[in-house]
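**Q** quick one: sequence plus predicted model below, questions after.
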Amino acid sequence: MKISIVGAGAMGSLFGGLLAESGNEVTLIDVNDAHIGAIRAKGLRLATDGGDRQVTVLKALRPEDAADLPDLLLVFTKTLHTSAALSGVRHLIGPNVHVLSLQNGLGNVEKIAGFASPERILIGVTTWPADMVGPGHVHSHGKGVVRLMAADGIERPFVSQVSEVLTEAGLDCTSDRTVWAAIWEKVAFNAALNSICAVSGCTVDELGKVADGSRLANDVVTEVLSVALRMGIDVDPAKCRANVASAIAQHIGHKPSMLQDILAGRRTEVESINGAVVAAAGRLSIELPVTETLLSLVRLAEVRAIA
Ligand SMILES: NC(=O)C1=CN([C@@H]2O[C@H](COP(=O)(O)OP(=O)(O)OC[C@H]3O[C@@H](n4cnc5c(N)ncnc54)[C@H](OP(=O)(O)O)[C@@H]3O)[C@@H](O)[C@H]2O)C=CC1
Ligand SMILES: CC(C)(CO)C(=O)C(=O)O
């Protein structure tokens, strides 16, 4: 399959590297010149449980230099850059191109809908982890899965083909129509751990050092998933609270991306996580006091961080 990935940072490079190694025609598209330049010069250095190697069978381009129309455009920018990134590759989104988002947060389909027709949008969620080590160098340790579906819920052969291509690349993908529950459960997980760590400066495991950390995280999960349940989405709050507890027990020293963004003086994805949930709750007249307070505190932390 011909696959272009816009936003080829940690996750885009992981997916791109594995998809290229399994025989797909992959183009990484990014605005980070140091990263693109390093990949063009030496290939992508990809360190996974499968080994530390240089992937050279892929292209790396700036958006304005990409010309070949792909079969699939995978969006892997941070959510606050989605619209700008899709504008930059608008010339690649021909009438037969499908666009897939596996980004965190809510509102991804709505953003893509400004650039692709509804039947060509795929949406999903992934539990694979990845980190940028430096330009042209990404690592990912541990295992993950991908779940995806057509955004309009209609099963089409192309969705199964994408799922097969991702699985052949070792990314363990399934396609089914219950993906929205997984997306909301991941949003609840991120709203809890990422925003609490971003405003407190704690690593994930440090949330377990006093009772307040786990209590706050559980309150956020309960609030966020109450919105999903009211929308008729079949989420499992107990399972999600158990996932949060296991992250607090096991993610020793891990700084969630929202904390990393604050420490690096960048804006965060909070608007598409806590912000989007609070907006959805408002439309249903549901109050989310803890999630909304954390949203306000992250917004204040962003002001300080980018000053
Ligand atoms: N990392 C992880 O473990 C996981 C991340 N996710 C989600 O995946 C998404 C991507 O995360 P991650 O890979 O960590 O993010 P990164 O910041 O590592 O990568 C994003 C890339 O997009 C680039 N970019 C920014 N603006 C544009 C643009 N206009 N056009 C093209 N490229 C652009 C960035 O460049 P620059 O650096 O110059 O800004 C960067 O290289 C997020 O939604 C995240 O929440 C989901 C699961 C796990
Ligand atoms: C693992 C997780 C989801 C929170 O601990 C994270 O690190 C992130 O989204 O940045």
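**A** Looks like it arrived, so ask away. Ligands and ions are numbered 1, 2, ... in the order given.
**Q** from here on, contacts and neighbour counts on C-alpha atoms
**A** Will do.
**Q** tell me the residues of this protein that contact ligand 2?
**A** Within the chain, the residues that sit near ligand 2 (Cα under 6 Å from any ligand atom) are 190, 193-194, 204, 256-257.
**Q** next SSE downstream of the longest helix along the chain?
**A** As assigned by DSSP state H, the longest helix anywhere in the chain is helix 179-200. Moving toward the C-terminus from helix 179-200, the next helix or strand (DSSP states H and E) is helix 211-230.
**Q** residues contacting the nearest residue to Leu106 once chain neighbours are set aside?
**A** Take Leu106 and drop its neighbours on the chain: the residue closest to it by Cα to Cα, 6 or more residues apart in numbering is Ser272, 5.4 Å away. Contact analysis of Ser272 by Cα atoms under 8 Å, 6 or more residues apart in numbering lists 79-80, 105-107.
**Q** just the buried ones from the residues you listed, in ChimeraX syntax?
**A** Buried subset of these, written as a ChimeraX selection, criterion 16 or more other Cα atoms under 10 Å:
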select :79,105,106
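**Q** return the member of the contacts of Ser272 nearest to ligand 2.
**A** The closest of those to ligand 2 turns out to be Gly105 (Cα to the nearest ligand atom; 9.8 Å).
**Q** list the residues that contact the closest one.
**A** 79, 183, 186-187, 269, 272-273, 276.
**Q** could you look up the SS state of it?
**A** The three-state label given to Gly105 by DSSP: H, G, I helix; E, B strand; the rest coil is coil.
**Q** against Asp30, how distant is it?
**A** 21 Å (Cα to Cα, to the nearest Å).
**Q** ok, Gly208 next?
**A** 37 Å.
**Q** these two - which one has more neighbours?
**A** Asp30 (23 against 17; other Cα atoms under 10 Å).
**Q** report pLDDT for the more buried one.
**A** Asp30 is assigned 98 on the pLDDT scale.
**Q** correct me, but it touches Ile39?
**A** No - counting by Cα atoms under 8 Å, Asp30 stays clear of Ile39, with 11.2 Å between them.
**Q** mind pulling up the pLDDT for Cys240?
**A** 97.
**Q** surely it and Val187 touch.
**A** No - assessed by Cα under 8 Å, Cys240 is found out of contact with Val187, at 10.1 Å.
**Q** comparing the two, which residue is more hemmed in?
**A** Val187 (24 against 21).
**Q** what about the residue lying closest to that one once chain neighbours are set aside, distance to Ser87?
**A** Leaving aside its chain neighbours, Val187 sits nearest to Gly105 (5.5 Å; criterion: Cα to Cα, 6+ apart). Gly105 sits 20 Å away from Ser87, taking Cα to Cα as the criterion.
**Q** in the chain, which spans are helices?
**A** 10-21, 33-42, 82-88, 108-112, 157-168, 179-200, 211-230, 237-250, 257-263, 274-283, 289-306.
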